[in-house]
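>>> below: sequence and its predicted model.
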Amino acid sequence: RVLVTGSLGQIGTELVSTLRMKYGAENVLASDIKFPTEKAKFDVEGPFKYVNTNNIEQIKEAVVNFRANKVIHLSSILSATGEQNPDLAMEVNSHGAENCFKVCNYYGASLLIPSSIAAFGPETPRHNTPDLCIQRPLTMYGISKVYIELLGNWYNQKKGLDFRSLRLPGIISWKALPGGGTTDYAIDIYYQALKKGHYTNCFLKKDTRMPMMYMDDCIRGIIELLEAKNENLKQRTYNLGAIDFTPEEIYESIKKVMPKFKIDYKPDFRQSIADTWPTSIDSSCAKKDWGWEHDYDLDKMTDVMLMNLKKKLFV
Ligand code: VAH
């Protein structure tokens with residue numbers, strides 16, 4: 001039985017629905033600090049509980065009363081929002097995770113917390129970045145992700161906690177809007193292409209290459225790690241790579257289908273964040289230890305994004 005925190009976020013809404021289809025809705029407790037609405041809800045209904053992960057008692061009550069033996073902790077303030085509100089990012093990302101570690105360790109539940117390419121920084125080798133390398137991130141979000149990775153390793157080595165983590169690239173999807181990330185331009189661009197035929201304010205420079213992934217690959221990767229045999233896992237945190245592209249390349253991918261599409265580049269503070277992240281990551285360890293393979297390339301993602309957004313926006 002699985003408890004998902006931050007379940008009404010971009011990843012959570014789709015992960016909860018997929019988990020409910022796989023394990024039965026009654027076995028997946030969704031939680032968040034807001035309630036489902038028309039704008040953010042689940043495709044598969046099921047149990048929901050208000051849980052603020054900054055309050056350890058609320059996590060404890062959810063784990064005990066739902067008899068959760070797995071916790072997937074998604075609550076997080078993302079990179080761009082976190083730089084605008086570092087105190088909140090520290091509180092939610094670090095303190096919230098500490099609470100999850102304490103509760104899961106005490107009650108013997110396994111814990112999966114996604115990490116991010118944001119856990120790397122300017123001193124990290126930027127191309128085809130390996131799992132094990134220097135991590136000195138320059139965002140509060142990235143710092144909290146390194147802290148989570150290190151806490152997870154400690155709880156696993158010293159307390160035997162089954163902790164698992166994936167360094168996710170930018171996740172592209174059409175169902176729920178993203179929440180304040182530096183990679184969000186790669187979602188905005190599809191909306192603007194359909195709404196205006198012109199992306200007037202791409203907030204990154206056209207040659208800013210970053211690791212990215214379509215949501216279906218992300219959800220499958222999280223569930224494959226969740227279900228991997230513990231004895232096959234040689235490490236607690238894995239890079240989960242798929243594709244990488246620049247704003248110019250995703251623009252060209254859309255232009256293949258919408259030849260009149262235009263773009264203007266207006267870099268903002270998020271450029272300085274993107275410049276500290278890898279351009280691509282190496283996920284050969286995930287492939288070796290639990291068979292990871294991505295499915296969506298850029299053009300396949302563009303087709304599925306435009307097809308579904310047309311229905312979402314205009315039907
Ligand atoms: C962000 N989308 O931009 C998130 C993600 C790799 C980036 O962690 O903050």
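Okay, I see it.
>>> surely Gln271 is within a strand?
No. According to DSSP: H, G, I helix; E, B strand; the rest coil, the state of Gln271 is helix, so it is not within a strand.
>>> from the ligand, how far off is the closest residue to it other than its chain neighbours?
Spatial nearest neighbour of Gln271, excluding adjacent residues (C-beta to C-beta, 6 or more residues apart in numbering): Leu204 at 5.6 Å. (Each C-beta comes from the backbone N, C-alpha and C, glycine too.) As judged by C-beta to the nearest ligand atom, to the nearest Å, Leu204 and the ligand stand 11 Å apart.
>>> confirm that Leu204 sits in a strand.
No. Counting by three-state DSSP, Leu204 falls outside a strand, being coil.
>>> correct me if wrong: it contacts Ser272.
No. Leu204 lies out of contact with Ser272 (C-beta atoms under 8 Å); the separation is 10.3 Å.
>>> more crowded one of those two?
Leu204 (24 against 13; other C-beta atoms under 10 Å).
>>> contacting residues around the residue of the chain found nearest the ligand?
Nearest residue of the chain to the ligand (C-beta to the nearest ligand atom) works out as Gly181 at 2.5 Å. Residues near Gly181 by C-beta atoms under 8 Å, 6 or more residues apart in numbering: Leu78, Ser79, Ala80, Gly170.
>>> near the ligand, which residues of this protein?
Applying C-beta under 6 Å from any ligand atom, one finds that the chain approaches the ligand through Leu78, Ser79, Ser116, Ile117, Ala118, Tyr141, Pro169, Gly170, Gly181, Thr182, Thr183.
>>> farthest pair within those?
Across those, the longest distance by C-beta to C-beta is 14.2 Å; it joins Tyr141 and Pro169.
>>> follow-up on the earlier one: quick one: which of the contacts of Gly181 sit in strands?
Gly170 (DSSP state E).
>>> pick the one among the contacts of Gly181 closest to Met305.
Distance to Met305, by C-beta to C-beta, is smallest for Gly170 among those, at 13.2 Å.
>>> give me the beta-bridge partners of that closest one?
Gly170 has these beta-bridge partners by DSSP bridges: Met212.
>>> if we can go back for a sec, any idea which of the residues of the chain next to the ligand has the most stuff around it?
Counting by other C-beta under 10 Å, top hit in the residues of the chain next to the ligand: Ala118 with 32 neighbours.
>>> quickly note the distance from that one to Met90.
Ala118 sits 14 Å away from Met90, going by C-beta to C-beta, to the nearest Å.
>>> Tyr106 now?
In this view, Tyr106 and Met90 are 23 Å apart by C-beta to C-beta.
>>> these two: who's more crowded?
Met90 (17 against 14).
>>> ok, that one touching Thr139?
No. Taking C-beta under 8 Å as the definition, Met90 is not a contact partner of Thr139, at 11.3 Å.
>>> tell me who's in contact with the residue nearest to Gln271.
Applying C-beta under 8 Å, 6+ apart to Leu204 gives the contacts Thr182, Tyr185, Pro247, Tyr265, Pro267, Arg270, Gln271, Ala274.
>>> model confidence for it, exactly?
At Leu204, the pLDDT value in this model is 98.
>>> any buried residues in the longest helix along the chain, and which?
In the chain, taking DSSP state H as the definition, the longest helix is helix 140-159. Residues 140-149, 151-153, 155-156 are the ones in helix 140-159 that count as buried (16 or more other C-beta atoms under 10 Å).
>>> and the contacts of that helix?
Contacts of helix 140-159 (C-beta under 8 Å, 6+ apart): 76-79, 82-83, 86, 89-90, 93-94, 97-98, 101, 105, 111, 113, 115-116, 118-121, 135, 137, 161-165, 167, 236-237, 276.
>>> Ser94: neighbour count?
Here the number of neighbours of Ser94 (other C-beta under 10 Å) works out to 17.
>>> and what of the one 4 residues further on?
Counted with other C-beta under 10 Å, the neighbours of Glu98 add up to 16.
>>> tell me the secondary structure for it?
Glu98 - assigned by three-state DSSP - is helix.
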